[in-house]
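**Student:** Pasting the sequence and the predicted coordinates here, then a few questions.
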Amino acid sequence: AQSVTQPDIHITVSEGASLELRCNYSYGATPYLFWYVQSPGQGLQLLLKYFSGDTLVQGIKGFEAEFKRSQSSFNLRKPSVHWSDAAEYFCAVGAATGGGNKLTFGTGTQLKVEL
Amino acid sequence: GAVVSQHPSRVICKSGTSVKIECRSLDFQATTMFWYRQFPKKSLMLMATSNEGSKATYEQGVEKDKFLINHASLTLSTLTVTSAHPEDSSFYICSALGPTNTGELFFGEGSRLTVL
């Protein structure tokens, strides 16, 4: 069975500082990997996804993530955080054979940005 | 871009009543939609896969008689929580496969159900 671990429940960073949110996955085959962001009371917005190819993927809002198969990780990074980035971030893994759309989510990381 | 909308965004009901939540794809046709339940401080749990014109496929442990899913058209899926109890209180989110063949999901805003 596939699973996702986001070890950090809460992270606080200062505006302008760099950010890295950790994600580790467990999946027996080639995974599809996603990062979503959720603002309070709203649905999820896709930040970026990895299906294949270049292991460093660029997303919206200046985010990027790197797929490291040897470490089973897909960490999300941003070089300079903005106050508007404060939200809940979810990493998810999907089965490649199913088009990646049956997703298993991590428990989320709540990002707080200090001004 | 593809937009998915849920209604209502918040609903409060009495124990024993039924509540219907709608999930609509506003600018595209969605043959497949997914329903999730999100607990506080927990991840989204996939409840079921809803396919237009056929029965929903429920995940293990989800009571199909409790959570009725109907996908009668290409733009609408509904989740009905029957005989709701306080333990059914949760945030319910739907998603739909987007119009392009990229496997990307588009999520609704979520519906907060509170059962008194």
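**Tutor:** Alright, I've got the coordinates. Computed from a prediction, not measured in an experiment: that's the story for all the values here. Numbering: from 1, shown residues only, chains lettered A, B, ... in the order given.

**Student:** Tell me if the helix or strand of chain B with the lowest mean pLDDT is near chain A.
**Tutor:** When the helices and strands of chain B are scored by mean pLDDT, DSSP states H and E, strand B:105-107 comes last with a mean of 88. Yes - judged by C-beta under 8 Å from any C-beta of the partner chain, strand B:105-107 comes into contact with chain A through B:105-107. In this view, the C-beta of every residue, glycine as well, is placed from N, C-alpha and C.

**Student:** Briefly note if stretch A:45-54 comes near chain B.
**Tutor:** Yes - for stretch A:45-54 and chain B, the contact criterion (C-beta under 8 Å from any C-beta) is met by A:45-46, A:49, A:51.

**Student:** re the thing from before, what lines up beside the least confident helix or strand of chain B in the sheet?
**Tutor:** Each strand that strand B:105-107 pairs with, and the sense of that pairing, follows from DSSP bridges: strand B:90-97 (antiparallel).

**Student:** got the CA coordinates for the partner strand in PDB?
**Tutor:** Extracted in PDB, the C-alpha atoms of strand B:90-97 (Å, rounded to 0.1, in the frame of the first residue of the first chain):
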ATOM      1  CA  SER B  90     -16.100  16.600   9.100                       C
ATOM      2  CA  PHE B  91     -14.800  18.600   6.200                       C
ATOM      3  CA  TYR B  92     -15.800  16.900   2.900                       C
ATOM      4  CA  ILE B  93     -13.900  17.700  -0.300                       C
ATOM      5  CA  CYS B  94     -14.500  16.600  -3.800                       C
ATOM      6  CA  SER B  95     -12.200  16.600  -6.800                       C
ATOM      7  CA  ALA B  96     -12.500  16.000 -10.500                       C
ATOM      8  CA  LEU B  97     -10.200  14.800 -13.200                       C
END
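
**Student:** Contacts only, for the residue nearest the centre of chain B.
**Tutor:** Here the mean C-alpha position of chain B is nearest to the C-alpha of B:Trp35 (C-alpha atoms, centre = their mean), at a distance of 3.7 Å. Contacts were defined as C-beta atoms under 8 Å, 6 or more residues apart in numbering or on different chains; by that measure B:Trp35 touches B:23, B:46-48, B:50, B:67, B:69, B:77, B:79, B:92-94.
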